[in-house]
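> Here is my input, please return the structure:
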Amino acid sequence: MSDQIKENEGYGKEYSEDGFWDKVKSVCKKAGIKVIYSALMLYYAFKEKDTPIWAKSIIIGALGYFISPIDAIPDVVPVAGYSDDLGVLVMAIAAVGVYINAEVKQHAKDKLRDWFGNFDEEEIL
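Got it, this is the predicted structure:
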């Protein structure tokens, strides 16, 4: 496990389900579809009963970082504000990717459509 992922596990205390949904709803357009899709995939993978505890702890750390108002690049910084969040989310996805199955991806895409309408799936790759 990389040092960055271990470091981000400390953000797990920032995570709550209500905090996650509040953050996603409040920043979805500003953060962009890739950031939100990444966060949603992790969220739905976390909810899966087959996802092991070690993977859930990585997910909680990454989502906690996303929720936290304190991170490496403040979210209010134009253009770059969510790049660190995306980096953390992508690292977590790489670490727990085997638990991000087709059903998890479909749940995330369905929720994206609620907020972004129809989108080209190329946008989220």
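
> Verify the stated contact: residue 35 with residue 87.
No. Between residue 35 and residue 87 there is no contact under Cβ atoms under 8 Å: 10.1 Å. The way it works is simple: take the backbone N, C-alpha and C, and place the C-beta from them, glycine included.

> give me the element the most centrally placed residue in the chain is part of.
With distances taken as Cα atoms, centre = their mean, residue 39 lies nearest the centre of the chain, 2.0 Å away. With secondary structure defined by DSSP states H and E, residue 39 is part of helix 33-47.

> out of residue 35 and residue 87, which sits in the more crowded spot?
Under the criterion of other Cβ atoms under 10 Å, the comparison of residue 35 against residue 87 puts residue 35 first, with 21 against 17.

> I'd like the distance between that one and residue 125.
Between residue 35 and residue 125 the computed distance is 14 Å (Cβ to Cβ, to the nearest Å).

> I'd like the next helix or strand past the helix or strand bottoming out on mean pLDDT in the chain.
Sorting the helices and strands of the chain by mean pLDDT, DSSP states H and E puts helix 3-8 at the bottom, at a mean of 48. The helix or strand immediately downstream of helix 3-8 is helix 17-31, counting by DSSP H and E.

> got the CA positions of that following helix in PDB?
Extracted in PDB, the C-alpha atoms of helix 17-31 (Å, rounded to 0.1, in the frame of the first residue of the first chain):
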ATOM      1  CA  GLU A  17     -22.700   9.300   4.900                       C
ATOM      2  CA  ASP A  18     -24.600  12.600   5.300                       C
ATOM      3  CA  GLY A  19     -21.300  14.500   4.900                       C
ATOM      4  CA  PHE A  20     -20.600  12.600   1.700                       C
ATOM      5  CA  TRP A  21     -24.000  13.400   0.100                       C
ATOM      6  CA  ASP A  22     -23.900  17.000   1.300                       C
ATOM      7  CA  LYS A  23     -20.500  17.500  -0.400                       C
ATOM      8  CA  VAL A  24     -21.400  15.700  -3.600                       C
ATOM      9  CA  LYS A  25     -24.700  17.700  -4.000                       C
ATOM     10  CA  SER A  26     -23.000  21.000  -3.200                       C
ATOM     11  CA  VAL A  27     -20.000  20.600  -5.500                       C
ATOM     12  CA  CYS A  28     -21.100  18.200  -8.200                       C
ATOM     13  CA  LYS A  29     -21.100  20.800 -11.100                       C
ATOM     14  CA  LYS A  30     -18.000  22.600  -9.900                       C
ATOM     15  CA  ALA A  31     -16.000  19.500  -9.200                       C
END
